[in-house]
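In: what follows is a protein structure lacking sequence information:
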């Protein structure tokens, strides 16, 4: 399936839902006075969707892959942080949401891995090259 904008991508939509869940979690009282931990998980969560969007908008397949791997890394960071939170007694009351966040991040990582794998074997070099090729053909 061909997508015309990043907002149509199921993985981007999932990443937005992940960020919303993270903000729901960090709004809970357990995060009061947990500034670094709160900032870390929120930043990683936002990075997932933002890098998917940036990757989609890039002009070459190589650039897209680079940014998608950054998004995948941020998804891993979210998963790692959920493991930390799960071990801290203060957060035991939020374990259901923590596990939901981890499962979402795992799903997003799998989707990104699949997308990256397909981009690595494509002969397309990216939109920037398609535009150049079409311009050259129209001059003929």
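Out: Okay, I see it. Predicted, not measured: the structure shown is a model, and the values here were computed from it.
In: helix/strand/coil for the nearest residue to residue 113 once chain neighbours are set aside?
Out: Excluding its sequence neighbours, the residue lying closest to residue 113 (CB to CB, 6 or more residues apart in numbering) is residue 72, at 6.8 Å. Backbone N, C-alpha and C define where each C-beta goes, glycine included. Following DSSP: H, G, I helix; E, B strand; the rest coil, we place residue 72 in the helix state.
In: residues near residue 72, how many?
Out: Per other CB atoms under 10 Å, the neighbour tally for residue 72 reads 22.
In: was I right about it contacting residue 109?
Out: Yes - the pair residue 72 / residue 109 is scored as a contact, 5.6 Å apart, by CB atoms under 8 Å.
In: how about the strands in the chain?
Out: Ranges of strands within the chain: none, based on DSSP state E.
In: poorly predicted segments of it, please.
Out: Within the chain, the set of residues satisfying pLDDT under 70 comprises 1, 122-140.
In: if you set the cut-off to 50 instead, what comes out?
Out: Applying pLDDT under 50 to the chain picks out residues 133, 135, 138.
In: what's the burial count for residue 74?
Out: 26.
In: any buried residues in stretch 68-79, and which?
Out: By 16 or more other CB atoms under 10 Å, the buried positions in stretch 68-79 come out as 68, 70, 71, 72, 73, 74, 75, 76, 77, 78, 79.
In: who are the neighbours in contact with the last one?
Out: Under the criterion of CB atoms under 8 Å, 6 or more residues apart in numbering, the contact partners of residue 79 comprise 102, 105, 106, 109.
In: what sits against the spatially most central residue of the chain?
Out: By CA atoms, centre = their mean, the chain has its centre lying nearest to residue 48, at 2.5 Å. Residue 48 is in contact with 15, 18, 19, 71, 74, 75, 78, 105, 108, counting by CB under 8 Å, 6+ apart.
In: could those be laid out in a markdown table, adding distance to residue 96?
Out: Below are the contacts of residue 48 laid out as a markdown table (distance: CB to CB, whole Å):
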| residue | distance to residue 96 |
| --- | --- |
| 15 | 21 |
| 18 | 15 |
| 19 | 18 |
| 71 | 25 |
| 74 | 23 |
| 75 | 20 |
| 78 | 16 |
| 105 | 15 |
| 108 | 19 |
